[in-house]
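Chemist: coordinates only, sequence not included:
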Ligand SMILES: C[S@@+](CC[C@H](N)C(=O)[O-])C[C@H]1O[C@@H](n2cnc3c(N)ncnc32)[C@H](O)[C@@H]1O
């Protein structure tokens, strides 16, 4: 795949047809649900400076760690089920960090039960986005992000809505945004074009037409600011 140049995005529609930029990979494109690294690159360029401390509390294959190294940011990556040695085991709801100690947080959480990440019962990927338990778990996660982030600094959450046949549509993006709004000031909402394998398969499109539903064509990227030390 020919990769375009990595540039700073200037509109609210972001598109980059590869999980990683340059000649090397950031994180692992084969990790299920790996974040496209240009998203993290763009966020760090805008909302952080060199030597700032960046945290990804659901670090997966380590994409955030690798982008931070490329841009000379300090970084700590946590995950319930560490994929690499430089990822620290922790539950996102209880991070081993001091309050108000982090300059920027990026998080790409599970969006319901579509991917199996681990057998750990604390894995948020075992919770259906059609049930309240998922949103309660994500609320605790957002509160913990609020606790560890410094005042006047930013966080970004990347997520997608969920539609499964014979189940109600789950507007995960709007639900998570309204939880975050209780704590943070909204800065912007970006739509990121999805380039996953499902979208390349013709029969998925035929099925979507026949079943009168839509395939997920974009992810939300919510950018939020912690304005005050106390909840809004
Ligand atoms: C969408 S993936 C993150 C992908 C990652 N950004 C990357 O580029 O590889 C979501 C991650 O959340 C982790 N996770 C699920 N529940 C968790 C919890 N309670 N605490 C910490 N991590 C959790 C999963 O193990 C999985 O690695």
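Modeler: Good, I have the coordinates. What you see is a predicted model, and the numbers here were worked out from it, not measured in a lab.
Chemist: secondary structure class for the closest residue to the ligand within the chain?
Modeler: Closest to the ligand within the chain is residue 60: 2.6 Å, counting by Cβ to the nearest ligand atom. The way it works is simple: take the backbone N, C-alpha and C, and place the C-beta from them, glycine included. Each residue gets one of three states, and residue 60 gets coil by DSSP: H, G, I helix; E, B strand; the rest coil.
Chemist: kindly report the same for residue 210.
Modeler: Under three-state DSSP, residue 210 falls in the helix class.
Chemist: if I look at it, how far off is residue 48?
Modeler: Using Cβ to Cβ, to the nearest Å, one obtains 46 Å as the distance from residue 210 to residue 48.
Chemist: who has more neighbours out of these two?
Modeler: With neighbours defined as other Cβ atoms under 10 Å, residue 210 and residue 48 compare such that residue 48 has more, 20 against 8.
Chemist: that one is in contact with residue 75, isn't it?
Modeler: No. Counting by Cβ atoms under 8 Å, residue 48 does not reach residue 75; the two are 10.1 Å apart.
Chemist: what's the burial count for the closest residue to residue 67 other than its chain neighbours?
Modeler: Of all residues not flanking residue 67 in the chain, residue 40 sits nearest, at 4.4 Å (Cβ to Cβ, 6 or more residues apart in numbering). Per other Cβ under 10 Å, the neighbour tally for residue 40 reads 27.
Chemist: ok, residue 40 - contacts?
Modeler: Residues in contact with residue 40, defined by Cβ atoms under 8 Å, 6 or more residues apart in numbering, are 26, 63, 64, 67, 106.
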